[in-house]
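Engineer: Kindly return the folded structure for what I paste below:
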Amino acid sequence: MRNHSPISVTSAFPPTCSGFIDTLESLDLVSFQELVLGKRPVEVEDESDDEDVRDHRNELPREAPKAQAKAALSFKKKLKPDNAILASIREFSEASKKATVETRTLAELNLSHACKEVVDLSTTDVLSEIEKTILYIAQSILSGKGFGYNIPARSSANQLYVPELDRIVLKDKATFRPFANMSSVRKTAITTRILQLVHQLCQKRIHVTKRDLFYTDVKLFVEQTQSDSVLDDVSCMLGCTRSSLNVVASEKGVVVGRLIFVEDGDTIDCTKMGVGGKAIPPNIDKVKDFVSDALFILLVEKDAAFMRLAEDRFYNRFPCVIITAKGQPDVATRLFLKKMKTDLKIPVLGLVDSDPYGLKILSVYLSGSKNMSYDSSNLTTPDIKWLGVRPTDLDKYKIPEQCRLPMTEQDIKTGKDLLEEDFIKKDPNWIKELELMVKTKEKAEIQALSSFGFQYLSEVYLPLKIQQRDWI
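Structural biologist: Okay, here's the model as predicted:
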């Protein structure tokens, strides 16, 4: 007969688990196996002397899980058959395709302020613009005047929201950046170096990432933020888009769903890209020939929600293309979304967190960012519908209190600042939602819907939203 000695488990648990540890250490191996296999109950004495802790445990809402399950079931019962939901979204999608989109330019608006916008330039044209700039500098040096650059000002004071275009544009104001000045000599040197590197790239007809560009002269640039900022200055100064400079950002955004396109000669089928999706190529110029039977584009703020929808194959149940930049929108994702919307002519529905930053992210896709206002005509996608998660959804869909987060002082300040923005003021529904958020001081992430079940987002929330056409 084999002897079974007691098992030492003290080191596996923290001191607060002493009652549980004592129970385990009193067992021999056979009894321990029975306990692990669920054949033997374990009784642990509550050794807590903290009355507040005991009171708190007694006050936990034991009926909460039942209430949540009941709420989830009540919304699921409201769902119509998929065919009815599809008929509704198909009707909306067809109406979007037939709608006449009026494309207006800054020149046609006759604005009181002169504004600057960049355009896509060929490699040859970029080379020509750089050489003209350098020639002008050489002439200035030879004439004894020194040299510098006229850089368009990209500060908030030099930006303008144009309601007719529903985007932010850059006013035509520039500042001189002289080399013979202690405050600007280093930035002028960086500008000259960036021009030289871009000229090399265009001559060789190759592309590099912003990170590659930074590492060509780390001692001069010091930080990548400095080379990135000057790269935008150069783009604005030459009057071309940043992608025209053959410098791109690293891959960030991903896409999955009912979409086929050609990338640099290769045919990409986004229904066969698994849960992770297809990385959006940084060089959008090599993307063409979009083909899709999707009824809409679902723009998702976060990677977690994207993966949930991709794994559930939401795009097969409701034909769509799902895209995310995994947070703050990058240039490639914004360009890709704009190209999809323009070519496919289907509606875009936005799914973001119910907080001020979710709304800011949505507004960047819709109206542009202040940092790149000079290229807003290429980077903005008009008429994106705010599907969710909206502040009114928190009570409407009975999001549990434990899944709602208190807004910080910074959150509240950001919310109030957004209420002062012209692109928010244009839509009374957006104002209403944002005012409710600031008033209740509550926020919630998309993942709060998981409190009703991990697949609640794809199986109930989104289908019901689409069925009711509940977007603004």
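Engineer: which residue ranges form the helices in the stretch 1-150 of the chain?
Structural biologist: Taking DSSP state H, counting those that start in this stretch as the criterion, the stretch 1-150 of the chain contains helices spanning 18-25, 29-36, 51-58, 64-76, 82-98, 106-109, 123-142.
Engineer: May I see the buried residues of the longest one?
Structural biologist: Of all the residues in helix 123-142, those buried under the rule 16 or more other Cβ atoms under 10 Å are 125-127, 129-130, 133, 137. C-betas here are computed from N, CA, C, even on glycine.
Engineer: which one of the residues you listed sits closest to D355?
Structural biologist: Among these, V126 lies closest to D355 (Cβ to Cβ), at 40.0 Å.
Engineer: so who does the closest one touch?
Structural biologist: 198, 202, 238, 240, 244-246 (Cβ atoms under 8 Å, 6 or more residues apart in numbering).
Engineer: most surrounded residue in these?
Structural biologist: Among those, L245 has the most neighbours (other Cβ atoms under 10 Å), with 27 neighbours.
Engineer: so it touches Q200, yeah?
Structural biologist: No. Judged on Cβ atoms under 8 Å, L245 makes no contact with Q200 at a distance of 11.2 Å.
Engineer: residue contacts, the closest residue to K425 other than its chain neighbours?
Structural biologist: In space, and not counting its chain neighbours, K425 is closest to I431: 6.7 Å by Cβ to Cβ, 6 or more residues apart in numbering. For I431, the contacting residues are 419, 424-425, by Cβ under 8 Å, 6+ apart.
Engineer: Looking at the residues you listed, which is nearest S373?
Structural biologist: So of the contacts of I431, ranked by how close each gets to S373 (Cβ to Cβ), first place is I424, at 16.3 Å.
Engineer: Help me confirm that that closest one comes into contact with L418.
Structural biologist: Yes. The criterion here is Cβ under 8 Å, and I424 meets it with L418 at 5.4 Å.
Engineer: Overlap of the contact sets of those two?
Structural biologist: Joint contacts of I424 and L418 (Cβ under 8 Å, 6+ apart) are 359, 363, 434.
Engineer: ChimeraX command to pick out the buried ones of the contacts of I431?
Structural biologist: With 16+ other Cβ under 10 Å as the criterion, this ChimeraX line picks the buried residues out of the contacts of I431:
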select :424
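Engineer: so what's the residue lying closest to V287 once chain neighbours are set aside bridging to?
Structural biologist: Leaving aside its sequence neighbours, V287 sits nearest to E263 (Cβ to Cβ, 6+ apart; 5.4 Å). As for beta bridges, E263 partners with D266, V287 under DSSP bridges.
Engineer: Does E263 touch I280 like I think?
Structural biologist: No. Here E263 lies out of contact with I280, judged by Cβ under 8 Å, at a distance of 9.7 Å.
Engineer: The two: which is more packed in?
Structural biologist: For E263 versus I280, neighbours defined as other Cβ under 10 Å are more numerous around I280 (23 against 16).
Engineer: Report the separation between the more buried one and D343.
Structural biologist: 15 Å (Cβ to Cβ, to the nearest Å).
Engineer: try V234
Structural biologist: Distance from V234 to D343, by Cβ to Cβ: 30 Å.
Engineer: do P391 as well
Structural biologist: P391 is 33 Å from D343, by Cβ to Cβ.
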